[in-house]
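Predicted structure and sequence below. I'll ask about it afterward.
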Amino acid sequence: MQSIPQFHLYGEAAEETPFDFVSVELIEDRARGGGWRIEPHSHRNLDQIMILREGGGHAMMEGVETPIGPRSVVLVPATSVHGFTFADGTAGAVFSFTSDVLREQRDGAGSVYDRLSAMFASPVATLSGEDCFRAVWSLAERLKGEIETDAPAARIAARAWLALLVVEIVRRVAGSEHSGDHLVPRADPVLDRLRSLIEERFRETRRIGAYAGALAMTIDRLTEHTKRVAGVTPAHMVRTRVIVEAKRQLVFTDLSVGQIAFELGFSDPAHFSRYFRRYADVTPQQFREHHKPDVRQPSHGRPEGAETNAGPSR
């Protein structure tokens, strides 16, 4: 059986631990060259928000085909298998991002990413009314502009506009008469539970046996299951969460490398440094020095889109 391809952005090799990444692509630029068809695939570490401004077609999400039209919003969680067939001339935008970008902004009810995740069970919605759509699309245009500019603090602004876009979508979909029309299977309960367990325990343990035991599964069975469903192993999922959190702490806090190591459950800072370098290709200190806030500028020159990426160059 041919495996479903897994990418970073469509057509690009999947990255191990991308961090602080936001990009935009226009649907018309991406789909036109492929005959208005995007073949089934998944993204290892990127969530996506697709907004159709005009045109339409069909979205294939986890094997379920759903019609999409003007003013549609499609939410694509990381590792979810998806593909699209568009009518000629369909226009809109796709925003791809790593979850850490939205986990930072939170209130007492949780993070912006928590709000987005709650919508994954019903990831296709049509915004009711032109005014409703215009409110969402205006934020999408502001976000696109920040991603593509070299203006000071553009990276900070892009993260802020992405959060505002998600909040606006959540509000508008919740109040839309079309909300919940399209229920699509979201992976499976085992994978969802594993993600929750990792979020709860990644600071305490990196032992896959601990997660398998909590799920009443053997390590081999859990590994086989996640590889089949998500295209990655449980070890990769845990490792990615640890490294992304380490990067977040290195960039956005003044904690020492030793303090971060202890915060993430490493008893020995040297072990943490070796672990980080193995999967991030640089030492923690090198990563911190290279990725100080407000110094980085967004990348340019991709014919199919633009991005901001704080991850190490490869």
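Arrived safely, thanks for sending. Numbers count the residues shown, from 1 in each chain.

how near is the residue located most distally from the centre of the chain to T240?
In the chain, the greatest distance from the average C-alpha position (Cα atoms, centre = their mean) is reached by D268, at 30.8 Å. Per Cβ to Cβ, to the nearest Å, D268 is found 21 Å from T240. Bear in mind the C-beta positions are built from the backbone N, C-alpha and C, glycine included.

next one: Q6
When Cβ to Cβ is applied, the distance between Q6 and T240 equals 13 Å.

so who does the residue nearest to the residue farthest from the centre of the chain when sequence neighbours are not counted touch?
Here the nearest residue to D268 in space, its sequence neighbours aside, is A261; by Cβ to Cβ, 6 or more residues apart in numbering that works out to 7.3 Å. By Cβ atoms under 8 Å, 6 or more residues apart in numbering, the residues touching A261 are D268, P269, H271, F272, S273.

Where do the strands of the protein begin and end?
Shown for the chain, the strands assigned by DSSP state E span residues 6-7, 21-26, 37-43, 47-54, 57-61, 64-68, 72-76, 82-86, 91-97, 106-107, 110-111, 124-126, 306-309.

closest to D150 out of the ones you listed?
Taking Cβ to Cβ, strand 306-309 is the member of the strands of the chain nearest to D150, at 10.8 Å.

residue ranges of the helices in the chain, please?
Along the chain, counting by DSSP state H, helices occupy 27-32, 100-103, 112-117, 130-148, 154-174, 189-201, 208-214, 219-230, 234-252, 257-263, 269-280, 284-290.

Format those as a markdown table; extra columns: mean pLDDT and distance to G63.
Below are these laid out as a markdown table (pLDDT from 0 to 100; distance: least, Cβ to Cβ, whole Å):
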| stretch | mean pLDDT | distance to G63 |
| --- | --- | --- |
| helix 27-32 | 94 | 21 |
| helix 100-103 | 90 | 27 |
| helix 112-117 | 90 | 21 |
| helix 130-148 | 96 | 28 |
| helix 154-174 | 93 | 23 |
| helix 189-201 | 88 | 15 |
| helix 208-214 | 96 | 26 |
| helix 219-230 | 90 | 12 |
| helix 234-252 | 89 | 22 |
| helix 257-263 | 95 | 40 |
| helix 269-280 | 94 | 32 |
| helix 284-290 | 91 | 39 |
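
Save those as a markdown table, and put in distance to I68 too.
Formatted as a markdown table, the helices of the chain follow (distance: least, Cβ to Cβ, whole Å):
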| stretch | distance to I68 |
| --- | --- |
| helix 27-32 | 11 |
| helix 100-103 | 23 |
| helix 112-117 | 19 |
| helix 130-148 | 13 |
| helix 154-174 | 14 |
| helix 189-201 | 24 |
| helix 208-214 | 36 |
| helix 219-230 | 24 |
| helix 234-252 | 29 |
| helix 257-263 | 43 |
| helix 269-280 | 37 |
| helix 284-290 | 39 |
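
ok, D100 - how many residues close by?
Neighbours of D100 under the rule other Cβ atoms under 10 Å: 22.

So what does D254 look like in phi/psi?
Note on D254: backbone dihedrals following degrees, to the nearest 10 are phi -100, psi 10.

one step back: okay if I get the strands of the chain as JSON lines plus distance to D192?
Compiled in JSON lines, those are given as follows (distance: least, Cβ to Cβ, whole Å):
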{"stretch": "strand 6-7", "distance to D192": "19"}
{"stretch": "strand 21-26", "distance to D192": "23"}
{"stretch": "strand 37-43", "distance to D192": "16"}
{"stretch": "strand 47-54", "distance to D192": "14"}
{"stretch": "strand 57-61", "distance to D192": "15"}
{"stretch": "strand 64-68", "distance to D192": "17"}
{"stretch": "strand 72-76", "distance to D192": "15"}
{"stretch": "strand 82-86", "distance to D192": "17"}
{"stretch": "strand 91-97", "distance to D192": "20"}
{"stretch": "strand 106-107", "distance to D192": "21"}
{"stretch": "strand 110-111", "distance to D192": "16"}
{"stretch": "strand 124-126", "distance to D192": "19"}
{"stretch": "strand 306-309", "distance to D192": "28"}
